[in-house]
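Colleague: Quick one, structure for this:
(chains A, B, C and D)
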Protein chains: 2
Amino acid sequence: MTAMTRARPLVIDSHRDANVCLTCGARALSVCHVIDEADLDKLSAASVTVSVQPGHTFIQEGDPAEHFFNVTAGTSKLYKLLPDGRRQVTGFAGVGYFLGLAVSSSYAFSAEALEPVKVCRFSRTKLRGLLDDFPALEKKLLEVASNELVVAQEQMLLLGRKTARERLASFLIARANMIPHCPGRGAANVAERIQLPMTRGDIADYLGLTIETVSRTLSKLRAEKFIEIPNNSEIVLLKHDAVEDIATGMA
Amino acid sequence: MTAMTRARPLVIDSHRDANVCLTCGARALSVCHVIDEADLDKLSAASVTVSVQPGHTFIQEGDPAEHFFNVTAGTSKLYKLLPDGRRQVTGFAGVGYFLGLAVSSSYAFSAEALEPVKVCRFSRTKLRGLLDDFPALEKKLLEVASNELVVAQEQMLLLGRKTARERLASFLIARANMIPHCPGRGAANVAERIQLPMTRGDIADYLGLTIETVSRTLSKLRAEKFIEIPNNSEIVLLKHDAVEDIATGMA
DNA sequence: AGCGCTCATTGACCCAGGTCAAGGTCCGCA
DNA sequence: TGCGGACCTTGACCTGGGTCAATGAGCGCT
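Modeller: Take a look at the predicted model:
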């Protein structure tokens, strides 16, 4: 509900070295990994790296969709607004996320950095060129889009039919599962530490609730010893499986 | 909320003539239209036509995703269930709809025919073959998936943040806009006749409401002279623009 | 170390929409 | 042409989560 985004000098556009993609830490997590190492220079040539400061909106819903982005660092929230300011966060884009699938001629959502974010930016025309040169990339994008669609439908079920308690449980489980193979999982009651780069308000806007309900519901889960809340941006999942049962409506 | 789907002999699998695709009325509306007329025989060879009776579930959430479908007649509802029977309809698939995008190894949703439905069925492997032979088809699927994603995000906004009144208005406008170029639109107050092949219950499950709320809200809109309800499967939009304003939260 | 800001928590109250219940309408079928 | 069943409407009441308001906790800045 922050009324205005302050106009700090937020986007720093850095020009490109010979072959940034080769050393990119996000490559393994992103669509780029389908491109052969020998061809990475072409990928580097087609894009520029952009840094985005926390709080800055780098994609504006309704603007002409001139660019596509690949996230190489940090997390952003993706959202849509109603004229009176009601907000729906449609997702959180972390490292490896390809931004620009849900696009026709203009962006269908806005994107705002929650942390210092780095993205690889492609112009629409250059991306089209890459897709023609690398059919594997197109295949990969279709695969990614299909997965997004599955996630979107899961979210519709959540927003349309789940209780506040089930929504929070689902959110925590989804966040926990996105931790890249924390070893101590699989056994029933292993604690997991979940990072939350977003505020309670963002979580509320993602789950179709209010800040107060998010806060109350988390407090209740804590009182029931399902979770711990060491600080505002971390939650420890004490009973993964029990919370998963709540999430799926089985408890 | 129909507890069980009766096991009538519902799926009639008809073997394929030489070149069904050539005379297919749905071609202009579906992904197939990117395939050259000269190559349509290959498309025909890769698929079979299946008839589905109303009420029959021809895709079951969780089943291994062995087939993809292209709808050539009738409308189906796509939905997900929670263990206790709560249902979220994620969409309605009409003529031209490609079914199977939101798929990993198993189906993420169920599909049930609302009317007599005909689909073109492809096996996963045969579709893969087609995608390799016709890169344009892959491009088209990516485009379709992107549009689906836009629609899905719009639906998240609806489910997460709109009132019952706004949800119904949005639903009616979306249905009205899908009518293939009814000439008398564009002017402000032209009546539009909307076909509703689904029940109030299906609409409720689509909009995250109950049957009663859907019924009450439609009655209210009728009392306010925004719509007419000649019968259960038709609604006449008397004031398109006013309803559109309600839908977008501007009224 | 204390000010001021943003974010989170908690409580008291309220209301949009859910639940429960009683008809009403439509239609296919004998 | 009247019966049975599916679907829809309407009313009375209830409740999960929203609203409003006060307080607390963390933290950067001076």
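
Colleague: just so I have it, where are all the strands in chain A?
Modeller: With DSSP state E as the criterion, chain A has strands at A:11-14, A:47-52, A:57-59, A:67-73, A:76-81, A:87-93, A:98-99, A:110-113, A:117-123, A:192-195, A:227-231, A:234-237.

Colleague: how about these in JSON lines, adding mean pLDDT, mean neighbour count and distance to DNA strand D?
Modeller: All C-beta atoms are positioned from the backbone trio N, CA, C, and that covers glycine. Converted to JSON lines, the strands of chain A look like this (pLDDT from 0 to 100; neighbours: other C-beta atoms under 10 Å in any protein chain shown; distance: least, C-beta to the nearest atom of the strand, whole Å):
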{"stretch": "strand A:11-14", "mean pLDDT": "57", "mean neighbour count": "12", "distance to DNA strand D": "19"}
{"stretch": "strand A:47-52", "mean pLDDT": "92", "mean neighbour count": "20", "distance to DNA strand D": "19"}
{"stretch": "strand A:57-59", "mean pLDDT": "95", "mean neighbour count": "20", "distance to DNA strand D": "21"}
{"stretch": "strand A:67-73", "mean pLDDT": "96", "mean neighbour count": "23", "distance to DNA strand D": "20"}
{"stretch": "strand A:76-81", "mean pLDDT": "98", "mean neighbour count": "23", "distance to DNA strand D": "15"}
{"stretch": "strand A:87-93", "mean pLDDT": "98", "mean neighbour count": "23", "distance to DNA strand D": "12"}
{"stretch": "strand A:98-99", "mean pLDDT": "96", "mean neighbour count": "22", "distance to DNA strand D": "28"}
{"stretch": "strand A:110-113", "mean pLDDT": "97", "mean neighbour count": "23", "distance to DNA strand D": "17"}
{"stretch": "strand A:117-123", "mean pLDDT": "95", "mean neighbour count": "22", "distance to DNA strand D": "19"}
{"stretch": "strand A:192-195", "mean pLDDT": "94", "mean neighbour count": "16", "distance to DNA strand D": "14"}
{"stretch": "strand A:227-231", "mean pLDDT": "97", "mean neighbour count": "13", "distance to DNA strand D": "6"}
{"stretch": "strand A:234-237", "mean pLDDT": "97", "mean neighbour count": "19", "distance to DNA strand D": "11"}
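
Colleague: nearest to B:Gln153, of those?
Modeller: Closest approach to B:Gln153 among these (C-beta to C-beta): strand A:87-93, 4.6 Å.

Colleague: ok, back up a step: make CSV from the strands of chain A and add distance to DNA strand C to it.
Modeller: CSV is the format used below for these (distance: least, C-beta to the nearest atom of the strand, whole Å):
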stretch, distance to DNA strand C
strand A:11-14, 20
strand A:47-52, 16
strand A:57-59, 14
strand A:67-73, 21
strand A:76-81, 12
strand A:87-93, 13
strand A:98-99, 22
strand A:110-113, 11
strand A:117-123, 16
strand A:192-195, 13
strand A:227-231, 5
strand A:234-237, 9
